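no letters, just coordinates:
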């Protein structure tokens, strides 16, 4: 494994631990107001500065990491479940089922994803669990396509043909013979979906239709920061830096899995 | 070729119907339904709401409502904006030139970066390492944050460029227009160039291993000649396909970029309408976006067939 993905994994691990331990690690309570120290520039006490209510930005970044990471990871796992199910059924069943499922996938891919999500969120005004569901429903198509292609190539292999020939139950064949073969491809797609989910959530929150204050997420911290760009740029710089670094880490790890030798053999 | 176009247009009809059902269903999910804007207005009495429902046909079955909505949409009757009462079609059309200007300029810049970077990365190891990292960083950038940073550095701190808008008030010089274009184009082009250079590198790598490359070398073609005259044309087909298939991504990027820089295009119309819950405009945006993506997919097919003679026989 090269330095990039290794660094990415390390960063993600540290971030997950730090956000879980945020109440113990963070120097301040997440919603502690310090009105005497409002809009303080980064210093040794407040590493990332404070916001317009005197809340410590570092603390809020760590606490916000929980929300942002939870949305990224859980929505990616749900996308993976939907995508694998659609892709496996389409690839294995073939004929009209394949046609119908792939047309639906194409239709979803043809609608610009972010505007669709923003509209959905504006209409439904979701809490965090609903937001996870929305991001997942908007992100399963890539996985479905990759999995379908993989299933098609696996289905033509001898051991699958043999299982079919002796009359094995189709669902049994999918679960026992096909699914193990699509795990590498599905893993890559899921890793990339985590980064995409975090980007989508932060963008939605930045436009005020994602995670709602007072719950902190990286995106809504930037939403609150954009009016203060001239006077308190640190409010925007640090949460954005964390979004960037986290998505970069996910993409680097996903790329590395995708181009590793074990992955290449199974294609 | 004409057969292909007709076939693809016919294939896209069920797709468009699916999308229109989805968009229509979203409108129905609005709390309070399509008349939500009137429900909260104290000057509108309950009997007025009933009268409106009957007048607008909202008391009919959903299927009938859907069909008449679809038929009106196809004829270009997209309803009236909640925000200012003007026809939605007019509001959308007046924003199109600004978006075309922005997306056109950024696509051009992105191509100028992606072509040399993608080709060089496919043959040069060290450059590949560096450019691959740059490309992954580019696709990982939160677009809105990158835009804010550029505004902070180049508009607020250095004061070199205007931070937002398409032109200064009362000024109509070419230089002023270009100055306003620079930052949003940089933001959009960074994302596009990152994605496109990756596609081109991959397409080039797949071409470089092919036997005809060695055949060309054996015939004494120089190494740059092999690369540019034999590998690149073969890689361009798949490259153009993925670039055009990515059009939906570009639409999302344009929405964010235009909003951050207050660029008066279709994308910022979307976020403005989102704040005002201007559903007719939002629906029209999604439908147009989907149609645009499909048209670009068709263009991709035609372009590949024109560039790559091998694909002409296939269905």
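Happy to help now that I have it. Just so you know, these numbers come straight off a predicted model, no measurement behind them.

any idea how far residue B:55 lies from chain A?
For residue B:55, the distance to chain A equals 24 Å [CB to the nearest CB, to the nearest Å]. C-beta: built from backbone N, CA, C; applies to glycine.

swap in residue B:17?
Distance from residue B:17 to chain A, by CB to the nearest CB: 9 Å.

neighbours of that residue, just the number please.
Per other CB atoms under 10 Å in any protein chain shown, the neighbour tally for residue B:17 reads 12.

where's it, which helix or strand?
Under the criterion of DSSP states H and E, residue B:17 resides in helix B:2-29.

with residue B:185 instead?
helix B:174-208.

let me see the mean pLDDT of the following helix or strand past that helix.
Once the chain leaves helix B:174-208, the next helix or strand it forms, by DSSP H and E, is helix B:211-218. The average pLDDT within helix B:211-218 is 82.

residue B:75: neighbouring residues, count only.
With other CB under 10 Å as criterion, residue B:75 counts 8.

next up, the contacts around the most centrally placed residue in chain A.
Nearest to the geometric centre of chain A sits residue A:194, at 2.3 Å (CA atoms, centre = their mean). Counting by CB atoms under 8 Å, 6 or more residues apart in numbering or on different chains, residue A:194 makes contact with A:72, A:73, A:76, A:250.

at 10 Å instead, please
Taking CB atoms under 10 Å, 6 or more residues apart in numbering or on different chains, we find residue A:194 in contact with A:12, A:69, A:71-77, A:79-80, A:246-247, A:249-251, A:253-254.

and residue A:121, how close does it get to chain B?
9 Å.

thought that residue was touching residue A:209?
Yes. With contact defined as CB atoms under 10 Å, residue A:121 reaches residue A:209; the gap is 4.1 Å.

helix or strand with the lowest mean pLDDT in chain B?
Within chain B, judged by mean pLDDT, DSSP states H and E, the helix or strand with the poorest mean is helix B:36-39; its value is a mean of 69.

name the helices or strands packed onto the helix or strand that that helix is followed by?
Following helix B:36-39 in sequence order, the next helix or strand is helix B:46-55 (DSSP H and E). Judged by 3 or more CB pairs under 10 Å, 6 or more residues apart in numbering or on different chains; DSSP states H and E, helix B:46-55 is in contact with helix B:36-39.

if we can go back for a sec, which parts of the helix holding residue B:17 are buried?
B:12, B:15, B:16, B:18, B:19, B:20, B:22, B:23, B:24, B:26, B:27 (16 or more other CB atoms under 10 Å in any protein chain shown).

out of those, flag the one nearest to residue B:6.
residue B:12 (11.0 Å; CB to CB).

and the gap between the closest one and residue A:217?
With distances taken as CB to CB, to the nearest Å, residue B:12 is found 37 Å from residue A:217.

pull the number of nearby residues for residue A:156.
Neighbours around residue A:156, by other CB under 10 Å: 8.

any part of the helix holding residue B:185 near chain A?
Yes. Applying CB under 10 Å from any CB of the partner chain, one finds helix B:174-208 touching chain A at residue B:198.

distance from that helix to the middle of the chain?
14 Å (CA atoms, centre = their mean, to the nearest Å).

avg pLDDT for it?
85.

check contacts around residue B:18.
A:103, A:104, A:106, A:107, A:108, A:110, A:111, B:290 are the contacts of residue B:18 under CB under 10 Å, 6+ apart.

ok, residue B:276 next?
Contacts of residue B:276 by CB under 10 Å, 6+ apart are B:37, B:81, B:82, B:83, B:84, B:282.

thinking again about what came up before, host element of the residue nearest to the centre of chain A?
Using DSSP H and E, residue A:194 maps to helix A:179-206.

can the helix or strand following that helix be found next to chain B?
Following helix A:179-206 in sequence order, the next helix or strand is helix A:218-225 (DSSP H and E). Yes. Under the criterion of CB under 10 Å from any CB, chain B is reached by helix A:218-225 at A:218, A:219, A:222, A:223, A:225.

that older thread, possible to save the buried residues of helix B:2-29 as JSON lines with distance to residue A:129 and pLDDT?
Listed next are the buried residues of helix B:2-29 as JSON lines, based on distance: CB to CB, whole Å; pLDDT from 0 to 100:
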{"residue": "B:12", "distance to residue A:129": "35", "pLDDT": "78"}
{"residue": "B:15", "distance to residue A:129": "31", "pLDDT": "77"}
{"residue": "B:16", "distance to residue A:129": "32", "pLDDT": "81"}
{"residue": "B:18", "distance to residue A:129": "27", "pLDDT": "80"}
{"residue": "B:19", "distance to residue A:129": "27", "pLDDT": "80"}
{"residue": "B:20", "distance to residue A:129": "29", "pLDDT": "83"}
{"residue": "B:22", "distance to residue A:129": "22", "pLDDT": "81"}
{"residue": "B:23", "distance to residue A:129": "25", "pLDDT": "80"}
{"residue": "B:24", "distance to residue A:129": "26", "pLDDT": "81"}
{"residue": "B:26", "distance to residue A:129": "20", "pLDDT": "78"}
{"residue": "B:27", "distance to residue A:129": "24", "pLDDT": "74"}
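
low-confidence ranges in the stretch 201-315 of chain B?
Scanning the stretch 201-315 of chain B for pLDDT under 70 picks out the ranges B:248, B:310-315.

now with 80?
B:209, B:223, B:237-238, B:241-242, B:245-251, B:277, B:297, B:301, B:303-315 (pLDDT under 80).

residues near the closest residue to residue B:38 other than its chain neighbours, how many?
Counting by CB to CB, 6 or more residues apart in numbering or on different chains, residue B:38 lies nearest to residue B:44, which is 4.7 Å off, once chain neighbours are set aside. By the criterion of other CB under 10 Å, residue B:44 has 14 neighbours.

need phi/psi at residue B:44.
Dihedral angles of residue B:44 (phi, psi; degrees, to the nearest 10) stand at phi -100, psi 120.

do the same with residue A:79
According to degrees, to the nearest 10, residue A:79 has phi -60, psi -40.

next, count neighbours for it.
26.

cool, the one 10 residues further on as well?
Neighbour count of residue A:89, defined by other CB under 10 Å: 20.

for chain A, what are the nearby residues on the stretch 1-150 of chain B?
So the stretch 1-150 of chain B meets chain A at B:11-12, B:14-23, B:26-31, B:36, B:129, B:132-133, B:135-149 (CB under 10 Å from any CB).

related to what we said a few turns ago, the helix holding residue A:194 to helix A:218-225, inter-axis angle?
Inter-element angle recorded for helix A:179-206 and helix A:218-225: 10 degrees (by axes from the mean of the first three to the mean of the last three CA atoms, to 10 degrees).

which parts of helix A:179-206 are buried?
A:179, A:181-182, A:184-206.

grab the nearest non-local neighbour of residue 65.
You didn't pick a chain, so chain A it is. residue A:19 (3.7 Å).

that's the other chain; I wanted chain B
residue B:57 is the one closest to residue B:65 (CB to CB, 6+ apart), at 6.3 Å.

now the one you found, what's its secondary structure?
coil (DSSP: H, G, I helix; E, B strand; the rest coil).

contacting residues around it?
The contact partners of residue B:57, taken as CB under 10 Å, 6+ apart, are B:64, B:65, B:68, B:69.

most neighbours among the residues you listed, which one?
residue B:69 (20 neighbours).

just the element for it, please.
helix B:62-74.

next SSE after that helix?
Following helix B:62-74 toward the C-terminus (DSSP H and E): helix B:88-123.

any idea of the angle that following helix forms with helix B:62-74?
80 degrees.
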